[in-house]
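J.: how would this look folded up:
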Amino acid sequence: MAVIQDLPVELLLLIFEYAYLSFEKHATDAISLPYPAHALSACRLWRTILHLNFIHLYIDEYSSTYVDQISRKIQESNPGLPLDIFVINRSVSTVYNDAEKQKEHQIIHHLMNIISPVVKRCRTLVFNLKYSSSLPLLSQDFSGPAPDLLVLKLQCRVVDGSTQLKEPTITDPFIVPKLSVLALDGLTFPDAFLLPTWASQMKGINLDTLSISHLGPIGHFNTKRLLEYCALPSRIRHLILDDLHLEPGHLSSSSQEDLNSSRSDLTKLSILNPRKLSLANMFSSPPLRAFKSRAVLPYLCLAGRNLGINHHVVPMTHHLRLEGIPVAAGMAWQGFMCAMNRYFGKKLELVQCVGLSDMHLEQVGRACERVDNLEVVVEEGNTKCLVSVEGLKKMVRVREEEFRRRAGVVDALDECEVIRLAYKNYFSPDLEKRWRPRPVPFRRLRVEGLRGVLSEEDRTWFVEKVGDFSWA
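T.: So this is what the prediction gives:
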C-alpha cells in the first residue's frame with residue numbers, strides 16, 4: 001500500500017493548496033498558527049515543498065481579480081528562491097470550440113504579460129492548455145537568460161490546424177543552461193529549433209526527457225528535420241514522440257553519423273499514436289540504425305491503434321511495451337508473430353492490445369525465449385476478451401517444454417550480447433544454423449483486467465510454476 005511519502009510532489013502540492021484554501025475559508029481564530037506552520041513540522045520533504053514558490057494559474061478561474069491576486073503572489077514570493085509556474089486549462093473536453101479557443105488565446109496573451117518578466121526566475125514553467133494555437137512560442141514570448149530553468153513544457157490537447165510559423169520578434173536569446181525536461185507540442189517544436197540561438201545551445205545540453213507531440217507537416221519540416229534536431233543534445237535519456245504525422249525526408253550522411261553516435265545513450269524511447277510516421281522506415285533508415293546495429297535500447301514503448309507492428313518495428317531492446325496496438329487478424333496477426341520472433345529482451349508488456357488472444361500468448365511462450373517477466377493488461381469491461389486462464393497456462397507450459405528441450409544449451413554471454421547475436425542471425429537463410437538464445441522459464445507474470453475470479457487452485461498452479469504471480 002502506498003504511503004504519503006510515495007506521492008509525487010505535484011500531487012502533494014495540490015493537497016497543500018486545497019488545505020490552504022480550506023484554512024483561509026474557515027480560519028477565524030487570530031491566535032491560531034498560520035498555515036502552513038502545522039505542515040512545516042511534519043517532515044523535511046513537506047518543509048522543502050512548502051518553502052518553494054509554486055504558482056498555479058487556472059484558465060477557468062480567470063478574471064481581473066484573479067490576475068491581480070496572481071500578480072501580488074508573484075511580487076510577494078521569495079526573490080531568493082526560484083519560481084515554479086503552472087498554467088493549466090482544466091477542461092477535459094477535446095471537442096473543438098472556436099469561441100473557447102479565442103477566449104483561451106486572449107487569456108494566455110494577458111497572462112504572458114505577467115509571466116514573461118519573471119521567466120528568468122523560473123525553475124519550472126508548464127503550460128498545459130487545450131488548443132495548440134494558444135501556446136506561447138519561444139520566438140515570440142521568451143527572451144534573456146533563465147539560469148535556473150529545469151523544466152519547460154508547452155503542451156496542448158487539441159491541434160487546431162495552425163501551420164504558419166511566425167517571424168521571430170525576440171532579439172535577446174532565450175538561454176537555458178540547466179534545462180533537463182523539455183516538452184514541445186504542435187508548432188512550438190519547429191518554432192524553437194528553427195531559431196539558430198536555440199539550436200546552438202541544444203548542442204551542448206544534457207536532457208533527461210525530450211517530448212515532441214502533435215506535430216504535422218509544416219512547410220519543409222519533416223521526419224528528416226525532426227531526427228536531425230533530436231541529434232543535437234549531448235544526451236537524451238527518454239525521447240517521446242507522440243501523434244506525429246510527418247513526411248519522411250532524407251538525411252545527409254553527416255547527420256546520420258551524428259544521430260547514430262549521439263543517440264546510443266538513449267535509455268527510453270516512447271512512440272505513441274504515429275500517423276504518417278512509418279516506424280518500419282524509421283528504424284530501418286540510417287537515423288535510428290544505431291538501435292539495429294550497435295546499441296541495445298533498455299526500454300521501448302509503442303502505442304496507438306493506427307500502429308502496425310512487425311519485425312522491422314522492434315529494434316534491439318531489453319524491455320518492450322506494446323499498448324493499444326491491433327494484433328487481431330490478417331496483417332496485424334502476421335506482424336505480431338514476426339515481431340515476437342525477433343524480440344529477445346527480458347520484459348514484455350501487452351497492454352490493451354486490440355484482439356489479443358490465447359494464440360498470441362502461445363506465440364510469446366514459444367518465440368520470446370528470453371522473456372521471463374510478462375505483463376498482460378486487458379481493457380476493463382472488454383466483453384470480447386479472447387485471453388483465458390487456460391491460455392495463460394498453455395503459454396507457461398510451452399515455455400517449460402522449450403526450456404527442458406534445450407536444457408543442455410548454455411549461453412555464456414551477457415544479455416546485451418545475446419540480444420545482438422540473436423538479432424543479427426534472425427534473417428539467416430540457413431534455418432538449421434540460425435542461432436537462437438536459450439529459453440528461460442517465466443519468473444514473473446502479472447495479469448490485469450480479465451473478467452471473473454481466479455480460483456485458488458489456479459492461483460496455486462501459477463505461483464508454483466512462475467513464482468511471482470499477480471492477478472488484479
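J.: residue ranges for the strands of the stretch 101-250 of the chain, please.
T.: Assigned by DSSP state E, counting those that start in this stretch, the stretch 101-250 of the chain shows strands spanning 122-128, 151-155, 181-185, 206-215, 235-244.
J.: mind giving me JSON lines with those and columns for mean pLDDT?
T.: Written out in JSON lines, the entries for the strands of the stretch 101-250 of the chain read as follows (pLDDT from 0 to 100):
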{"stretch": "strand 122-128", "mean pLDDT": "92"}
{"stretch": "strand 151-155", "mean pLDDT": "95"}
{"stretch": "strand 181-185", "mean pLDDT": "95"}
{"stretch": "strand 206-215", "mean pLDDT": "92"}
{"stretch": "strand 235-244", "mean pLDDT": "89"}
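J.: Nearest to residue 107, out of the ones you listed?
T.: Checking the strands of the stretch 101-250 of the chain against residue 107 by C-beta to C-beta gives strand 122-128 as the closest, at 11.4 Å. C-beta coordinates here come from the backbone N, C-alpha and C atoms, glycine included.
J.: Measure how buried the closest residue in space to residue 205 that isn't next to it in sequence is and give me the count.
T.: Counting by C-beta to C-beta, 6 or more residues apart in numbering, residue 205 lies nearest to residue 233, which is 5.1 Å off, once chain neighbours are set aside. Neighbour count of residue 233, defined by other C-beta atoms under 10 Å: 21.
J.: Quick one: residues contacting residue 233.
T.: Contacts were defined as C-beta atoms under 8 Å, 6 or more residues apart in numbering; by that measure residue 233 touches 202-203, 205-207, 210, 262.
J.: coming back round to it: nearest to residue 7, of the strands of the stretch 101-250 of the chain?
T.: Comparison of these against residue 7 by C-beta to C-beta identifies strand 122-128 as nearest, at 17.5 Å.
J.: Could you report the separation of the nearest residue in space to residue 338 that is not next to it in sequence from residue 101?
T.: Taking C-beta to C-beta, 6+ apart, and ignoring the residues beside it in sequence, residue 338 has residue 311 as its nearest neighbour in space, at 4.3 Å. Remark: distance between residue 311 and residue 101 (C-beta to C-beta, to the nearest Å) = 43 Å.
J.: got it, and residue 315?
T.: Counting by C-beta to C-beta, the separation of residue 315 from residue 101 is 39 Å.
J.: Same question for residue 361.
T.: Look at residue 361 and residue 101: by C-beta to C-beta, they are 45 Å apart.
J.: the more surrounded of the two?
T.: Regarding residue 361 and residue 101, a neighbour count based on other C-beta under 10 Å identifies residue 361 as having more, with 23 against 18.
J.: show me the residues around that one that make contact.
T.: Residue 361 makes contacts with 376, 387, 391-392, 394-395, as judged by C-beta under 8 Å, 6+ apart.
J.: Could you export those residues as a markdown table, including neighbour count, distance to residue 367 and pLDDT?
T.: Compiled in a markdown table, these are given as follows (neighbours: other C-beta atoms under 10 Å; distance: C-beta to C-beta, whole Å; pLDDT from 0 to 100):
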| residue | neighbour count | distance to residue 367 | pLDDT |
| --- | --- | --- | --- |
| 376 | 24 | 16 | 96 |
| 387 | 23 | 17 | 91 |
| 391 | 18 | 15 | 94 |
| 392 | 26 | 16 | 95 |
| 394 | 16 | 14 | 95 |
| 395 | 25 | 11 | 96 |
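J.: nearest to residue 60, of these?
T.: residue 376 (39.0 Å).
J.: Domain parsing of the chain, as residue ranges.
T.: Following automatic domain parsing, one finds the domains of the chain at 1-24+33-51, 54-332+345-356+372-383+442-471.
J.: Any chance of those domains in JSON lines with distance to residue 417 as columns?
T.: Written out in JSON lines, the entries for those read as follows (distance: least, C-beta to C-beta, whole Å):
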{"stretch": "domain 1-24+33-51", "distance to residue 417": "37"}
{"stretch": "domain 54-332+345-356+372-383+442-471", "distance to residue 417": "9"}
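J.: out of those domains, deepest packed?
T.: Comparing the domains of the chain on average neighbours per residue, with mean count of other C-beta atoms under 10 Å, the densest one is domain 54-332+345-356+372-383+442-471 at a mean of 17.
J.: Sitting in helices, which of the contacts of residue 361 do you find?
T.: When DSSP state H defines the helices, the subset of these inside them is 391-392, 394-395.
J.: from the residues you listed, which single one is nearest residue 110?
T.: Closest to residue 110 out of the ones in helices among the contacts of residue 361 is residue 392 (56.3 Å), distances taken as C-beta to C-beta.
J.: Next one: that closest one relative to residue 358, how far apart?
T.: Here the distance between residue 392 and residue 358 works out to 8 Å (C-beta to C-beta).
J.: What of residue 444?
T.: Applying C-beta to C-beta, the value for residue 444 to residue 358 is 20 Å.
J.: With residue 391 instead?
T.: Using C-beta to C-beta, residue 391 is found at 3 Å from residue 358.
J.: what do these two both touch?
T.: By the contact definition C-beta under 8 Å, 6+ apart, residue 391 and residue 358 are jointly contacted by no residue.
J.: State the pLDDT value of the nearest residue to residue 168 once chain neighbours are set aside.
T.: The shortest distance from residue 168 to any residue other than its chain neighbours is 3.9 Å, reached at residue 139 (C-beta to C-beta, 6+ apart). We have a pLDDT of 92 for residue 139.
J.: need the contact list for residue 139.
T.: Shown in contact with residue 139 (C-beta under 8 Å, 6+ apart): 165-170, 191-192, 194-195.
J.: Kindly recompute the last result at 10 Å.
T.: If a contact means C-beta atoms under 10 Å, 6 or more residues apart in numbering, then residue 139 has 165-170, 174, 187-188, 190-192, 194-195, 198 as its contacts.
J.: Return the closest of those residues with respect to residue 458.
T.: When those are ranked by distance to residue 458 (C-beta to C-beta), residue 188 comes first, at 50.7 Å.
J.: That closest one reaches residue 136, doesn't it?
T.: Yes - using C-beta atoms under 10 Å as the test, residue 188 is close enough to residue 136 to be in contact (8.0 Å).
J.: what touches both of those two?
T.: What both residue 188 and residue 136 touch, as defined by C-beta under 10 Å, 6+ apart, is the set 127, 154.
J.: Tabulate the contacts of residue 233 (JSON lines), appending distance to residue 228.
T.: Compiled in JSON lines, the contacts of residue 233 are given as follows (distance: C-beta to C-beta, whole Å):
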{"residue": "202", "distance to residue 228": "11"}
{"residue": "203", "distance to residue 228": "12"}
{"residue": "205", "distance to residue 228": "16"}
{"residue": "206", "distance to residue 228": "19"}
{"residue": "207", "distance to residue 228": "16"}
{"residue": "210", "distance to residue 228": "13"}
{"residue": "262", "distance to residue 228": "11"}
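J.: Now for these: which two are most distant?
T.: Comparing every pair within the contacts of residue 233 by C-beta to C-beta identifies 203 and 210 as the most remote, at 13.7 Å.
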